[in-house]
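Peer 1: what follows is a predicted structure for the sequence shown.
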Amino acid sequence: MSAYTPQTNRLEAGAEAAQQQPAAELRYVARQPILDAAGHVHGYDLIFRNAPECVFRRDVEMAMETMLDNEVLFGLERLSNGMPAFIACTAEALTDELVLVLTSSMTVLTVSANVEPTPRLVDACRTLKARGFRLALDDFAWREDLRPLLDRTDYVRMDFRKYNGAERQRLEQLDPDTIMLVAQKVETPEDFRQARAMGFSLFQGDYFCHPTLLKKRKIPSNRMYHFEIVRELYRDPLDVRKVGQLVRSDGALMYRLLRLANSPIYGLYQEVRSIETAIRFLGETAFRRIVSVAVLSELNCDQPAEFLQMGLLRGRFCELAARTFGQDPAEQYLVGMFSLLPAMLSVPMEEIVAHLPFRTDISLALMGTANPERAPLAWLEFHERGDWESSDRLISKLGGSPIKLAQTYEEALIWAAAASPGAA
């Protein structure tokens, strides 16, 4: 199956602009969700890094310049899906008002808690707050001289593992109605439970992608129907009649399918009202894509929406990056999209792949085997964590371009936002 490339439209204009930039001006950005206790996205931490010549530097001033360039090039709303964006700043970026290029209502300006709280910085924070920005202190550890900044801070972010008794006693003096505590380095469900018990209200880390799995748990019977659709969907040739019958049997799935088919991302100029019309106007490859998205959204209906967003982003990225890694785009789309099924269903991946129409190497890649088929997803996982060194080391072995993959990631972000059933 060949990969479907949607018609160029305004949603992809930013990615096209990036591809036209000189290599020295290109930038990296990774996005990490910040969730509340219910699993809803509160905002995104945007992690920027300069071009490949700065691989081993995580200089905040460079990151600030990178952020400004990306704001002009892509628009903050696209990078954060319209949610608050947490962006690291230097004290100089605040005092010199460089951040005024950003959209104040969407931006949380974060500054290291190691900063010296000079009168000029405190005044700048007061002015920026008046302009509508929110402020966060990052890598927080209590210092008495930080009180003037704390009086103007909306968020305190810290590694929850360093939240000892003395620190907790001091932070309990803060007004919870004006300052939210953000737990960082939350990597497991147990970490999440501990951080929540400590009083944190927002959480950042990989914990939500790694729920507690019950090894003996089977795929719920009401979900097996959707796996049957996926199996039929990826038979070649496609049995349109059988797939149509299966989709029509699920009203919610049919509704999602038609909404997606009529979304702007597919560039159709005639309304799609039936499965037959969708196939006629979209073609089999795009039809497979739409049904896959609809099925994934149904599988995720009881889970945080961020799972679906990440699944779409991963699927699109792996598809676009497949040729760079010498892989098949259609297979890679499925690897990326279905990589989060264990988190969605609380079922081990080995149980899931037994019901999906994948060849052995693809199944092994989904189960974590470090084979060539897993390489695009592995690169993306490094990138999602801002582990630039590991992501660049992986692609350098293949002689690929880190710049190209950074562009691909940003394009996938834009596509995933537009392709989400909620955006249709």
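Peer 2: It's in.

Peer 1: all contacts plus neighbour counts: C-alpha atoms, from now on.
Peer 2: OK.

Peer 1: contacting residues around the residue nearest to residue 88 when sequence neighbours are not counted?
Peer 2: Nearest residue to residue 88, sequence neighbours excluded (CA to CA, 6 or more residues apart in numbering): residue 110, at 4.7 Å. Counting by CA atoms under 8 Å, 6 or more residues apart in numbering, residue 110 makes contact with 86, 87, 88, 89, 135, 136, 137, 138.

Peer 1: the nearest residue to the fourth one once chain neighbours are set aside: which element?
Peer 2: Sequence neighbours aside, residue 111 is the residue nearest to residue 89 in space, at 5.4 Å (criterion: CA to CA, 6+ apart). For residue 111, the element it lies in under DSSP states H and E is strand 107-112.

Peer 1: domain map for this structure?
Peer 2: Domain assignment for the chain by automatic domain parsing gives 10-209, 221-423.

Peer 1: now the shortest one: mean pLDDT?
Peer 2: Here the mean pLDDT over domain 10-209 is 78, rounded to a whole number.

Peer 1: likewise the longest one?
Peer 2: The average pLDDT within domain 221-423 is 84.

Peer 1: for residue 332, give me its contacts.
Peer 2: 315, 318, 319, 322, 373, 376.

Peer 1: now the first one: how far from residue 92?
Peer 2: Translated: residue 315. 39 Å (CA to CA, to the nearest Å).

Peer 1: the two: who's more crowded?
Peer 2: residue 315 (28 against 14; other CA atoms under 10 Å).

Peer 1: so the more buried one is in contact with residue 334, correct?
Peer 2: Yes - the pair residue 315 / residue 334 is scored as a contact, 6.1 Å apart, by CA atoms under 8 Å.

Peer 1: tell me the SS of residue 43?
Peer 2: Secondary structure, DSSP: H, G, I helix; E, B strand; the rest coil: residue 43 is strand.

Peer 1: what bridges to it?
Peer 2: Note on residue 43: beta-bridge partners residue 34, judged by DSSP bridges.

Peer 1: ok, it - contacts?
Peer 2: Contacts of residue 43 (CA under 8 Å, 6+ apart): 33, 34, 35, 80, 83, 84, 85, 86.

Peer 1: and if you look at residue 200?
Peer 2: Residue 200 touches 180, 181, 182, 183, counting by CA under 8 Å, 6+ apart.

Peer 1: next: residue 298.
Peer 2: So residue 298 contacts 252, 253 (CA under 8 Å, 6+ apart).

Peer 1: ok so it is a helix residue?
Peer 2: Yes - assessed with three-state DSSP, residue 298 lies in a helix.

Peer 1: ok, it to residue 357 distance?
Peer 2: 19 Å.

Peer 1: thinking again about what came up before, from the contacts of residue 110, which land in strands?
Peer 2: Mapping these onto strands (DSSP state E) picks out 86, 87, 88, 135, 136, 137, 138.

Peer 1: can you show me the strands along the stretch 101-250 of the chain?
Peer 2: Using DSSP state E, counting those that start in this stretch, the strands of the stretch 101-250 of the chain run over residues 107-112, 134-138, 155-159, 180-184, 202-204.
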